[in-house]
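Student: I would like the atomic coordinates for the input below:
(chains A and B)
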Amino acid sequence: MSERSERVQRRAQTGLPALAIALLVVTMVTGIGLAMADGAISGADREPGERRVAVSLAAGLIAPESPLTERANVLDANRLARFDETRLRTAFPVANETAVAVELDGRSVAATGETDRGTTIRRLVVVEEQTAETLEPALGWQRRVTLPRRGYRANLTLSPPPSTNITAVRANSRVALHDDDGLSGQYEIPLSRFETTTVRFSASGPLPPGSVRIEYDAIRTRKATLAVSADG
Amino acid sequence: MDNRAVTPVVEKTLTIGIVALFLAGMTTTLFGGAVPAARDATGSSIGDRTLALATERVEQAIPPNASHVRARHRVGLPSTIRGTGYTVRVDGRSLVLDHPRAAIGGRSRLVLPDSVIGVNGSWQSGSEAVVAVRSVAGGLTVELREGVA
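Tutor: As a prediction, this is how the structure comes out:
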């Protein structure tokens, strides 16, 4: 074989490198396509399960039947303070299967696991705090006193001087207690949560300060954000 | 120099061989691994969503504190996932999605008030899925049934 014939043979196979390059390009494009499809699939994964758990748990926590609420959307501060992981697991068994965390205004209420990378659902709620306040009014000539806060009920302790008979106690012109022989001792009267109450006393003689003591429910409400997170 | 005319034939034969091998390899890779994996991934994602939707619809079907209840709600579910039918059934107080592919399926716990005393029934995909809530002595029962709402 001469040097010339060798050169001719090499020149005859020039199509092969071009083919190799073409195949390489096709492979690369396919690979990139697959990677993009993978990215699109994983990017579209929105964890519907944990989102569903967070939404349901938030709805369950603020429902009227919830162990936390006084009525729909109103949380009771005392029950909220007693609420913990065990109570959460008992009332909502879904917390056993998914790590959830309940926070009120950023302060943790109960948690069953780490939820840093989870889904969080926020709900606006009212937190109601009931405290008992005592009032020992100096009754004026009208013998009435207006309770500074609205509440569900009031406890009256009546200890009039011996010469005086308290015959009736009215709450907003409704007769709450009545006895012609004289009222004395402890009584509980129901009140309306929707209007401010004025308590009026009818007595046969003088009522010096200290003869009437009223203990009433003071309801304080504040708005708060309940955040429920779920992960896994 | 007599065999010079053979070189184009050799080249074409080589090219045909290489392209055929390449196509075979590519087809095997795509249809043996990548494509089924992607279908499984999308199928499992759609399965999760279907299950979450079904659970949410069942929870929403329960009315707030009421004494006498008779409610029916239609639930729109996809008729197939990854080309095959599936079943949504009740297991205790959870919903379970059963699919012939192992990669697709799941289980989700229902968040129900204490007034619900029983959950039962199942849905076969493709039929009309209905949640029926009824008052019975002592609480409410929830039934997944097929048919007209």
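Student: give the closest residue to residue 135 in space, chain neighbours not counted.
Tutor: Assuming you mean chain A. A:Ile214 (4.6 Å; CB to CB, 6 or more residues apart in numbering or on different chains). Backbone N, C-alpha and C define where each C-beta goes, glycine included.
Student: was after chain B, sorry
Tutor: In space, B:Ser135 is closest to B:Val69, 4.7 Å off (CB to CB, 6+ apart).
Student: ok, now how distant is that neighbour from B:Arg134?
Tutor: Counting by CB to CB, to the nearest Å, the gap from B:Val69 to B:Arg134 is 7 Å.
Student: go on, B:Arg82?
Tutor: 35 Å.
Student: for B:Gly47, same thing?
Tutor: Applying CB to CB to B:Gly47 and B:Arg134 gives a distance of 29 Å.
Student: so for the two, which sits in the more crowded spot?
Tutor: Ranked by neighbour count (other CB atoms under 10 Å in any protein chain shown), B:Gly47 and B:Arg134 place B:Gly47 first, with 24 against 14.
Student: if we can go back for a sec, identify the contacts common to B:Val69 and B:Arg134.
Tutor: With contacts defined as CB atoms under 8 Å, 6 or more residues apart in numbering or on different chains, the residues shared by B:Val69 and B:Arg134 are B:Leu140.
Student: show me which residues of chain B are close to chain A?
Tutor: B:1, B:4, B:7-8, B:10-11, B:14-15, B:18-19, B:22, B:26, B:30, B:34, B:38, B:41-42, B:45, B:48-49, B:51-53, B:55-56, B:59, B:64-65, B:93, B:106, B:108-111, B:113-115 (CB under 8 Å from any CB of the partner chain).
Student: which secondary structure elements does the biggest helix by length in chain B contact?
Tutor: The single longest helix within chain B, with elements called by DSSP state H, is helix B:35-60. Judged by 3 or more CB pairs under 8 Å, 6 or more residues apart in numbering or on different chains; DSSP states H and E, the packing partners of helix B:35-60 are helix A:15-43, helix A:48-61, strand B:70-75, strand B:87-91, strand B:94-98, strand B:106-109, strand B:129-136.
Student: now it: how far from the chain's centre is it?
Tutor: Put simply, helix B:35-60 sits 5 Å off its chain's centre (CA atoms, centre = their mean, to the nearest Å).
Student: equivalent analysis for stretch A:63-79, please.
Tutor: 8 Å.
Student: residues in contact with that stretch: which ones?
Tutor: Contacts of stretch A:63-79 (CB under 8 Å, 6+ apart): A:60-62, A:80, A:83, A:87, A:91, A:104, A:125-130, A:221, A:224, A:226, B:64-65, B:113-115.
Student: what's near enough to touch the closest residue in space to A:Gly60 that isn't next to it in sequence?
Tutor: The shortest distance from A:Gly60 to any non-neighbouring residue, by CB to CB, 6+ apart, is to B:Val111 (4.9 Å). Taking CB under 8 Å, 6+ apart, we find B:Val111 in contact with A:53, A:56-57, A:59-60, A:92, A:94, B:59.
Student: 6 Å instead, please
Tutor: By CB atoms under 6 Å, 6 or more residues apart in numbering or on different chains, the contact set of B:Val111 is A:56-57, A:60, A:94, B:59.
Student: please save the CA atoms from the helix or strand harbouring B:Phe22 in CSV.
Tutor: Assessed by DSSP states H and E, B:Phe22 sits inside helix B:7-29. Coordinates of each C-alpha in helix B:7-29 appear next as CSV, following Å, rounded to 0.1, in the frame of the first residue of the first chain:
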residue,chain,number,x,y,z
THR,B,7,-15.1,2.5,1.1
PRO,B,8,-18.6,4.2,0.8
VAL,B,9,-20.3,0.9,1.4
VAL,B,10,-18.2,0.3,4.5
GLU,B,11,-18.9,3.8,5.7
LYS,B,12,-22.7,3.5,5.2
THR,B,13,-22.7,0.0,6.9
LEU,B,14,-20.9,1.4,9.9
THR,B,15,-23.2,4.4,10.1
ILE,B,16,-26.3,2.2,9.9
GLY,B,17,-24.9,0.0,12.6
ILE,B,18,-24.0,2.8,15.0
VAL,B,19,-27.3,4.6,14.5
ALA,B,20,-29.2,1.4,15.1
LEU,B,21,-27.2,0.7,18.3
PHE,B,22,-27.8,4.3,19.4
LEU,B,23,-31.5,4.1,18.9
ALA,B,24,-31.8,0.8,20.6
GLY,B,25,-29.9,2.1,23.6
MET,B,26,-31.9,5.3,23.7
THR,B,27,-35.2,3.5,23.5
THR,B,28,-34.2,1.1,26.2
THR,B,29,-33.1,3.9,28.5
